[in-house]
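[1] structure for this input, please:
(2 chains)
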Amino acid sequence: MKFLNLELAWKYVLGRKRAMTMSLFGIVLGIAFFVITQAQTSGFEAFFIRTILGTNGAIRISDRFQDMHGTVRMSSQDGRTKFLFNSREGTRYTEGISNPKLLRSALKQFSEISGISEILEGSAVIAGTSRSQNVEIHGIIPSEHVMVSDIENQIIEGELKTFELEPMSILLGKRIAQRLMLQTGERITLKGGTGNIRLRIAGIFETGVSQIDKNRAYIHLSTAKSFLGKRFSGSIFQLSMFEPEKAPEISAQIQETTSHRVVSWQEREQVWLDVFKALRISSAITVSSILLLSGLGIFNVFAIMVIEKTRDIAILRSIGFKPSDVSSVFLWQGGIVLFIGIILGTLVGIFSTYVISSIPLRIRGIFSTDSFVVNWDPSHYLWAVLIAVIFVSIASWIPARRAAKIEPAKIIRETL
Amino acid sequence: MSNSQEILLKAQELHHSFAEGVRKNRVLKGVSLQVEAGETTSVVGPSGCGKSTLLYLLGLLDRPESGNILLQGSDVTQSSDKIKTQLRNQSIGFIFQFHFLIKELTVIENVSLPLRKSGLNAEDSKEKSMLVLQQLGLESKATRSANKLSGGEQQRVAIARAMVNSPSLILADEPTGNLDSENSQKVFDLLQELAERDNLGVLIVTHNTDLALKTDNLIRMQDGLIVKDS
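    Just a heads-up that it's a prediction; the model follows:
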């Protein structure tokens, strides 16, 4: 008795193989497409985030500011602040971090920060053998910078170790090296700042972000300080975090407590993140329409079935089935199609995502990849299943409710 | 009717009508009858006289506008749907003109349905259903699909389903209406045999006066009233 309604539902499903298969096909396609599109859009998004975290870190702390008139406070009688407004209007900025040592010790209080790298940024001209090019130089301490970036893996020629050991060496972006036809081990002249210095190319890196690869060069922080003539000021901090998604809150806290301009990666890359978000949502909406259509298909099949099965419903009622039993027979049918649809849809989704991830696709610009990037996220499957459950439940519930309302005596009388 | 036997079903002054647009069509205008254990009772009358409506009221598939229905001495007219559903499962067996078998199920699965619904497990239900099918000579058809049988066989399966749960009352609406004379006779004989052997009350609504004359009691209806009770 326990599973009698389910058994009956199963028999009815088997009795309408063609219609049920079409409904099933819709659910399978809907779930699979949902998973595939989400895996792709979020895959590219996640890859982009990894790239930007690996190049510019989770948080960047730059200029120190001093509020001149910007703060408005209103306090209650007991002294507790009720209202606080910080305006940056009239704020005086000082270029770079004012006291790196002090700020570094202050940042150690933030347990979420996993690494700090001091960087001195400036511009210079690299003179190759035949051509020269303007570049952005980043003075770094290699052992520190490894903690806040993915530079170790971004080096495509030469070695980071060589760079680390030789203060008068340089790491060049791939596009700079290509344009100036430079190779690892060659010497170049860096012009600008306080004069010219000769550096040996310790390695060539590729981040995938074309703006970086064609403009950036890394040199040692001490070398940069003397080259740019900024021995005691002007540097910035690049931070990495254990949980980069918390960057906005931590940035706000650091800014509030250290009076330095702090920018999280989310704020820095907001435009691109919004583009990815819009793509993800629009593809989810588009693909959900497949599930909606399959829901309508199921509704159609069940609505016709209720009409066709009125005599069965009448006989079931006459032998002791309650209205709720009758509706559960129809709901179970929806449940069976849904269950099989979820299993098959998920499997097709997994397989297709795997196949798509190996399709060659060369992208350079905001990141670097040679194949489709996919993101294996269980939440995509959960969302697809949730949407399918909602649509199929509604599609089954309406005819099931109608079936439960059928008066057996009326049906039998009308049949005769 | 004999007064010495147990009264299974008693209807007192049943009135019922159907709405036809704004007009009310009075189908039953005060019908009283009783069905006793071990006897067959037939209700005959022209089409539209209210005999099928009477059967559905007695089978608790519908609720009368007024009057009382007593099943084994208890007034069930105003019982809840839950109790009526339970009574339909355990005390009443229905047989309809068009057998109403579920075509997606096999013969034995169709017969087992009332047992499964009453809580018996699948294995025991099938065992018990097979015994009933054997009694009706249908054991060889047990695993066949219900719609692969002849009309007469399907009606016998419907009878098996009606009697499998050992009800005290069988209500049959034109059980032979869709059968040839040979099968009609077989079905009718079977119902009479069941009534005698299992001490069931059998109420048959039929157009077939020849068969009706062979039942223990004959009730004639016209225009929603009993015109002759013998």
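[2] could you report the pLDDT at the closest residue to B:Leu33 other than its chain neighbours?
    Among residues not flanking B:Leu33 along the chain, B:Ala11 sits closest, at 5.2 Å (CB to CB, 6 or more residues apart in numbering or on different chains). Just so you know, the C-beta spots here come from the backbone N, C-alpha and C atoms, and that holds for glycine as well. In this model, B:Ala11 is scored at 92, pLDDT.
[3] so B:Ala11, which state does it fall into?
    The three-state label given to B:Ala11 by DSSP: H, G, I helix; E, B strand; the rest coil is strand.
[4] list the contacts of it.
    By CB atoms under 8 Å, 6 or more residues apart in numbering or on different chains, the contact set of B:Ala11 is B:Val31, B:Ser32, B:Leu33, B:Gln34, B:Leu54, B:Leu57, B:Leu58, B:Gly67, B:Asn68, B:Ile69, B:Leu70.
[5] the first one belongs to a strand?
    Yes - under three-state DSSP, B:Val31 falls within a strand.
[6] I figured it hits B:Glu13, correct?
    Yes - the pair B:Val31 and B:Glu13 qualifies as a contact (CB atoms under 8 Å) at a distance of 7.5 Å.
[7] which SS class is B:Ser47?
    coil.
[8] can you report how many residues lie near A:Phe34?
    26 (other CB atoms under 10 Å in any protein chain shown).
[9] right, and it touches A:Ser289 too?
    No - A:Phe34 lies out of contact with A:Ser289 (CB under 8 Å); the separation is 10.4 Å.
[10] re earlier: so the residue nearest to B:Leu33 bridges to which residues?
    Counting by DSSP bridges, B:Ala11 is bridged to B:Leu33, B:Ile69.
[11] distance of it from B:Thr53?
    12 Å (CB to CB, to the nearest Å).
[12] mind listing the strands for the stretch 101-250 of chain A?
    Along the stretch 101-250 of chain A, counting by DSSP state E, counting those that start in this stretch, strands occupy A:113-127, A:132-140, A:155-158, A:169-173, A:187-191, A:197-205, A:216-220, A:236-241.
[13] contacts only, for A:Val392.
    A:Ile27, A:Ser294, A:Gly295, A:Ile298, A:Gly334, A:Val337, A:Leu338, A:Gly341.
[14] from the chain's centroid, how far away is the host helix or strand of the last one?
    Put plainly, it is A:Gly341. Per DSSP states H and E: A:Gly341 is located in helix A:323-357. Mean-position distance between helix A:323-357 and its chain equals 28 Å (CA atoms, centre = their mean, to the nearest Å).
[15] so after that helix, what's the next helix or strand?
    strand A:360-363.
[16] and that next one, what other elements does it pack with?
    strand A:369-371 (3 or more CB pairs under 8 Å, 6 or more residues apart in numbering or on different chains; DSSP states H and E).
[17] quick one: end-to-end length of stretch B:46-62, please.
    By CA to CA, to the nearest Å, the extent of stretch B:46-62 from end to end equals 21 Å.
[18] beta partners for A:His260?
    Applying DSSP bridges, one finds that A:His260 bridges with A:Arg64.
[19] gap between it and chain B?
    Separation of A:His260 from chain B (CB to the nearest CB, to the nearest Å): 73 Å.
[20] wait, that residue sits on A:Thr94?
    No - counting by CB under 8 Å, A:His260 does not reach A:Thr94; the two are 9.4 Å apart.
[21] quick one: which of the two has more around it?
    Each of A:His260 and A:Thr94 has its neighbours counted (other CB under 10 Å); A:His260 has more, 22 against 14.
[22] any idea which helix is longest in chain B?
    Assignment by DSSP state H gives helix B:181-198 as the longest helix of chain B.
[23] can you list the residues of the stretch 301-416 of chain A near chain B?
    Proximity of the stretch 301-416 of chain A to chain B, by CB under 8 Å from any CB of the partner chain, involves residues A:311-312, A:314-323, A:325, A:407-409, A:412-413, A:415-416.
[24] show me what contacts the residue in chain A positioned nearest to chain B?
    Sorted by distance to chain B under CB to the nearest CB, the residues of chain A start with A:Gly320, at 2.5 Å. By CB under 8 Å, 6+ apart, the residues touching A:Gly320 are B:Thr85, B:Gln86, B:Arg88, B:Asn89, B:Gln90, B:Pro114, B:Lys117, B:Ser118.
[25] of these, which is the most crowded?
    Counting by other CB under 10 Å, top hit in those: B:Pro114 with 28 neighbours.
[26] distance check, that one against B:Ile83.
    For B:Pro114 relative to B:Ile83 (CB to CB), the value is 17 Å.
[27] what do you get for B:Lys148?
    The separation that B:Lys148 has from B:Ile83, given CB to CB, amounts to 37 Å.
[28] just to revisit the earlier point, reformat the contacts of A:Val392 as TSV; add pLDDT and neighbour count.
    As requested, the contacts of A:Val392 are arranged in TSV below (pLDDT from 0 to 100; neighbours: other CB atoms under 10 Å in any protein chain shown):
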residue	pLDDT	neighbour count
A:Ile27	89	28
A:Ser294	79	27
A:Gly295	81	26
A:Ile298	83	29
A:Gly334	90	26
A:Val337	91	27
A:Leu338	92	26
A:Gly341	93	27
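[29] okay, helices next: where are they in chain B?
    Going by DSSP H, chain B shows helices at B:51-58, B:81-90, B:107-117, B:122-135, B:151-163, B:181-198, B:209-212.
[30] coming back round to it: common neighbours of A:His260 and A:Thr94, please.
    By CB under 8 Å, 6+ apart, the residues touching both A:His260 and A:Thr94 are A:Asp63, A:Arg64, A:Phe65.
[31] my guess is B:Val43 meets B:Leu55, correct?
    Yes - at 7.4 Å, B:Val43 and B:Leu55 qualify as touching, with contact defined as CB under 8 Å.
[32] the more surrounded of those two?
    Neighbours per residue (other CB under 10 Å) separate B:Val43 from B:Leu55, with B:Val43 holding more: 27 against 24.
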